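Engineer: from the sequence below, what's the structure:
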Amino acid sequence: MKINDEKFKNFISSSKPEGLYIHIPFCIEKCPYCDFVSGIKPQRSIVDKYFHALEKEFFLYIETVDLSKCKTLYFGGGTPSLFPKNLERLVEIIKKYAPKIEEISVEANPSGIINPDNFSFATRISFGVQSFSEKNLKFLGRDHKPDESKKLVSKFSKSFDVNVDIIFGIPDQTPEEHLEDLKISLDLGVKHISTYLLTPYENTPLGIKVKKGEINLPEDISQFFDIQSYLEDNGMIRYEISNFAFPGFLCKHNMLYWNRSDFLGLGISAWSKIRSARFANSPKITEYIEKISNKKFAISHFDFIDTKKLIYEIIFLGLRKVNEGIDLKELCNYLDIERFSDLINRKLGDFILVENNKLKIKKNFLYISDYITREIFLIVDKIFQPQQYNIPNHP
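Structural biologist: Model (predicted):
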C-alpha cells in the first residue's frame, strides 16, 4: 500500500529502532545468481549523488526517529567495501545521533586491494567468498581467485570479526568440496560463517537458465547439511539455519531481523521494520535520489503486519532460529494452541520436537525447513479465526 509523508511521519514518530541498515547498490560486476538491487556501475558522478542522498535521508529520519537505542549498523549491497571513505563519513555522522552503536558490519568482495587500515571505523567485515574452489567460483561468475580470498580473509581476521559467505548446492559440487570450503574458512581464523544454498531466483541469469533446463541444480541437499555439522564439532554454534558463529561472535544486526526487532533501512530497496509495519524504499536509484533531494521519503511499499502476518512471522523466523524455535506461549495469543499442536504433531511429528514450549525442527531435517514452514502455514490457514487486532500507532 501507499502512505503519504504526513501519515508516515506520524507513524514513525518517536520510534526507537535498534539497528540501521544502509544499502550500497554498486558493483564492478553483478553476480548471475544475485537477486538484490545491485550491480550498478560505480561511476563517480552517480556515486557522489547517491551518498549525498543517503546523508539527506538520514537527516529526514532524525527529525522524527530516536536512535538512542540503536546498537548495530550494517552496510550491505552491492559492494560497500569499494567506498571506505564514504562509509567512514556516514559512520561519523550517524554516531552523533546513535552513540550506543557497538557493531558496524561492512560487506566486502574479496578481490583487488583492500587495506584493513581503511576500515578502522568497522568492527565486522563480511566477505562474499562463496567458495575456495576455482571451478565453483567460475560457475558462480565471481571475479576473484581462491588465493585472493585466503590472503584477504586471513589479513582481516587479525583485526576484525570476520564472516565469510559460503554457497553450496552448486552444480557438480560434492559435499566433500563444501566441507573443504568450511575447513579453509576456519583455518583462516574467521569467527562467523554463513552458508547459503544456491537459489535460482526468478529473473536472475541463473534462474532463467534453470527454468529453461540449461542448468540443473542438485535435488538432494541433505548431505550438504550433514557436512555442516563439522562447524559445530569445531566449536561453532548454529544459531540460525544458515549462520554459524563462535560464542560471543553472533551477528547482532541479523539477530534483530530474526527477533522481529525494529530496524531502519536507508538507500534504494532498503527494508525497514518499525512497530507494526514493514516498508521499503524505491528500487530505482534515480527516483530515490530525486525524492530525497526534494526532502520526501522514498517509500515505495508499506505493509501493515496484521494478526495473520504476525503469526506467519513468529513461525517463519522462529524456525530459522534452530536452537530457540517457535515460542508457543506467544502463539497462544493468536491461535487455538491445542488444536494447532495436535495438527502439527499429526502432520509433522517426525520432523519437529517441542521443548520448554518451543517448537523446533529436528536438526537432521533442517534441509527441508522450507517444506516444514509451508506445511505449518497451511495449518494456520485452516484454524486461524480473524479477530480484531489493535495495531499501535496505526495511521
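
Engineer: CA only for contacts and neighbour counts going forward, please
Structural biologist: OK.

Engineer: helix or strand for residue 46, which one?
Structural biologist: helix 44-62 (DSSP states H and E).

Engineer: can you list the buried residues in that helix?
Structural biologist: 46-47, 50-58, 60-61 (16 or more other Cα atoms under 10 Å).

Engineer: closest to residue 87 out of those?
Structural biologist: residue 51 (8.8 Å; Cα to Cα).

Engineer: OK, contacts around that closest one?
Structural biologist: residue 86 (Cα atoms under 8 Å, 6 or more residues apart in numbering).

Engineer: next one, pLDDT for it please.
Structural biologist: We have a pLDDT of 98 for residue 51.

Engineer: next: residue 392.
Structural biologist: Residue 392 is given a pLDDT of 47.

Engineer: tell me the helices in the stretch 101-250 of the chain, going along the chain?
Structural biologist: 134-140, 146-157, 175-187, 205-211, 222-227, 229-233 (DSSP state H, counting those that start in this stretch).

Engineer: possible to save those as CSV with mean neighbour count and mean pLDDT?
Structural biologist: Below are the helices of the stretch 101-250 of the chain laid out as CSV (neighbours: other Cα atoms under 10 Å; pLDDT from 0 to 100):
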stretch, mean neighbour count, mean pLDDT
helix 134-140, 15, 97
helix 146-157, 18, 96
helix 175-187, 18, 98
helix 205-211, 17, 97
helix 222-227, 17, 97
helix 229-233, 14, 98
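
Engineer: in JSON lines, list the ones you listed along with distance to residue 98.
Structural biologist: As requested, these are exported to JSON lines (distance: least, Cα to Cα, whole Å):
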{"stretch": "helix 134-140", "distance to residue 98": "38"}
{"stretch": "helix 146-157", "distance to residue 98": "26"}
{"stretch": "helix 175-187", "distance to residue 98": "33"}
{"stretch": "helix 205-211", "distance to residue 98": "40"}
{"stretch": "helix 222-227", "distance to residue 98": "39"}
{"stretch": "helix 229-233", "distance to residue 98": "35"}
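
Engineer: I'd guessed residue 225 sits against residue 366; true?
Structural biologist: Yes. Residue 225 is in contact with residue 366 according to Cα atoms under 8 Å; the separation is 7.4 Å.

Engineer: now residue 137: how far from residue 110?
Structural biologist: 12 Å (Cα to Cα, to the nearest Å).

Engineer: hey, what's in contact with both of those two?
Structural biologist: residue 144.

Engineer: spatially central residue in the protein, please.
Structural biologist: What sits nearest the mean C-alpha location of the chain, by Cα atoms, centre = their mean, is residue 254, with 6.2 Å.

Engineer: what about that one, distance to residue 21?
Structural biologist: In terms of Cα to Cα, residue 254 sits 10 Å off from residue 21.

Engineer: so where do the helices sit in the stretch 251-395 of the chain?
Structural biologist: Going by DSSP H, counting those that start in this stretch, the stretch 251-395 of the chain shows helices at 252-258, 285-293, 307-320, 328-331, 337-348, 369-383.

Engineer: between the ones you listed, which one is closest to residue 41.
Structural biologist: helix 285-293 (11.8 Å).

Engineer: tell me the angle that closest one makes with helix 44-62.
Structural biologist: 40 degrees (axes from the mean of the first three to the mean of the last three Cα atoms, to 10 degrees).

Engineer: could you check how far helix 285-293 is from the centre of its chain?
Structural biologist: 24 Å (Cα atoms, centre = their mean, to the nearest Å).

Engineer: any stretches of this protein with poor pLDDT?
Structural biologist: 387-395 (pLDDT under 70).

Engineer: if we can go back for a sec, ok, then the element right after the helix holding residue 46?
Structural biologist: Counting by DSSP H and E, what follows helix 44-62 is strand 72-77.

Engineer: which elements pack onto that next one?
Structural biologist: strand 19-24, strand 103-108, helix 252-258 (3 or more Cα pairs under 8 Å, 6 or more residues apart in numbering; DSSP states H and E).

Engineer: and the longest one, what does it pack against?
Structural biologist: Under the contact criterion of 3+ Cα pairs under 8 Å, 6+ apart, the helices and strands touching helix 252-258 comprise strand 72-77, helix 307-320.

Engineer: can you redo those as JSON lines with mean neighbour count and distance to residue 294?
Structural biologist: Shown next, in JSON lines, are the helices and strands packed on helix 252-258 (neighbours: other Cα atoms under 10 Å; distance: least, Cα to Cα, whole Å):
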{"stretch": "strand 72-77", "mean neighbour count": "23", "distance to residue 294": "24"}
{"stretch": "helix 307-320", "mean neighbour count": "19", "distance to residue 294": "34"}
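
Engineer: out of those, the one nearest residue 239 is which?
Structural biologist: helix 307-320 (8.4 Å).

Engineer: let's see the closest one as PDB, backbone CA atoms only.
Structural biologist: What follows is helix 307-320, C-alpha atoms only, in PDB (Å, rounded to 0.1, in the frame of the first residue of the first chain):
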ATOM      1  CA  THR A 307      -2.600 -10.700  13.000                       C
ATOM      2  CA  LYS A 308      -2.200 -13.400  10.400                       C
ATOM      3  CA  LYS A 309       1.100 -11.900   9.100                       C
ATOM      4  CA  LEU A 310       2.300 -11.700  12.600                       C
ATOM      5  CA  ILE A 311       1.600 -15.400  13.100                       C
ATOM      6  CA  TYR A 312       3.500 -16.200   9.900                       C
ATOM      7  CA  GLU A 313       6.500 -14.100  11.100                       C
ATOM      8  CA  ILE A 314       6.500 -15.800  14.500                       C
ATOM      9  CA  ILE A 315       6.600 -19.200  12.800                       C
ATOM     10  CA  PHE A 316       9.000 -18.400   9.900                       C
ATOM     11  CA  LEU A 317      11.500 -16.500  11.900                       C
ATOM     12  CA  GLY A 318      11.200 -18.800  15.000                       C
ATOM     13  CA  LEU A 319      12.000 -21.800  12.900                       C
ATOM     14  CA  ARG A 320      15.100 -20.100  11.400                       C
END
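
Engineer: sounds good, over and out.
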